[in-house]
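Peer 1: Here's my sequence, what's the structure:
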Amino acid sequence: MGDSKTGNATYRCIFQEDFKYILLPVAYSVVFVFGFILNIIALYIFIFQIRPWKVVTLFMFNLALSDLLYVLSLPLLAYYYSKANDWPFSEPLCKIVRFLFYTSLYCSILFLLCISFYRFLAVCYPIHFLQWGHIRYARITSITIWVVIIGIQSPILYFVSTSHMDDSTICHDTASIELFDQFVVYNTVTLVFLFCVPLTVLLACNSFMIYVLVTPTVPATQASKSKRKSVKMIMTVLVVFITCFLPYHVTRTLYYYYRKVDTAPCPTLDAVNAAYKSTRPFASLNSCIDPVLYFLVWRFRLVRNRRRNMTERES
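Peer 2: Residues are numbered from 1 along each chain as shown. Got it, this is the predicted structure:
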């Protein structure tokens, strides 16, 4: 990549990133195809086949909606990277695509957090769950998440811009040289409140849930088997969340930091840049995995309800 200046730091580094012109278009295209189909199917099931909606259903519907909006931002990005960073569209469309990308990403993270927190209340604090586990509060929470995330991500429309380099038009995912320092501050705030805090809460809630579920109470029964399945589901959600989002946010933060400081040698900056670009597909992959988790949760609930009905009939 050509000359880049941020604050007092001037970089004249050539990034060895030809790999991203293959990796990102292929990854984004695959995620778009599978993510679009799977989330459309999930939304169809939520709208036409699940009645009445419970709190988890409402959060899953919003999660599927945010994942769908996320994958809709990928075709233009896939085309852009396949053309080796040449954006043939307008600057407003560049801003909208980047805004949609990040808005949907963080909505997905917060709705995953809501699902985990709701289950945490149901498992660990059933009395509070009866008080706060009403679908009215879930509706208010869902609307609040959309409004807050759209508000927090709106500066993207200000920071993101296009520029011309040689015969190409670059659609930046950061900011211009003059605004880069401000962008780093903004990114740090969003990182803390939209990723670090949700990650901490999710780890705490799920860890405590696992502790409660694995603590022996009575001899092994059908209920204890159900608890083991719940623990497996919780562990799966944790692994998916950490694998998809943690590497991306860590490498992105390091990339912004090393671009900002004036002591980073070119090989270090190149390595961090390569790591950041390589972890982008992981964040995108979550929009394909979420619908599979919906199916597993839905199937688990159906089996549990059938067993409960059979037990009631036998008694």
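Peer 1: And the next helix or strand past the helix or strand residue 101 falls within?
Peer 2: For residue 101, the element it lies in under DSSP states H and E is helix 91-124. Toward the C-terminal end, the helix or strand that comes next after helix 91-124 (DSSP H and E) is helix 126-132.
Peer 1: by contact count, what packs against that next one?
Peer 2: Helices and strands touching helix 126-132, by 3 or more C-beta pairs under 8 Å, 6 or more residues apart in numbering; DSSP states H and E, are helix 91-124. In short, each C-beta sits where N, CA and C put it, glycine included.
Peer 1: buried sites along the helix it packs on?
Peer 2: By 16 or more other C-beta atoms under 10 Å, the buried positions in helix 91-124 come out as 94-123.
Peer 1: Setting aside sequence neighbours, what's the nearest residue to residue 293?
Peer 2: For residue 293, ignoring the flanking residues on the chain, the nearest one in space by C-beta to C-beta, 6 or more residues apart in numbering is residue 237 at 6.7 Å.
Peer 1: so what pLDDT did the one you found get?
Peer 2: Per-residue pLDDT puts residue 237 at 85.
Peer 1: now residue 213
Peer 2: pLDDT at residue 213 comes out at 86.
Peer 1: what kind of secondary structure is residue 263 in?
Peer 2: Counting by DSSP: H, G, I helix; E, B strand; the rest coil, the backbone at residue 263 sits in coil.
Peer 1: how many other residues sit next to it?
Peer 2: 7 (other C-beta atoms under 10 Å).
Peer 1: Please apply the same query to residue 141.
Peer 2: 20.
Peer 1: from memory it sits against residue 114, does it?
Peer 2: Yes. Contact criterion C-beta atoms under 8 Å: residue 141 and residue 114 qualify, at 6.1 Å.
Peer 1: quick one: the helices in the stretch 51-200 of the chain?
Peer 2: Listed in chain order, the helices of the stretch 51-200 of the chain (DSSP state H, counting those that start in this stretch) span 55-72, 74-82, 91-124, 126-132, 135-153, 156-159, 180-191, 197-214.
Peer 1: I appreciate the help and will end here.
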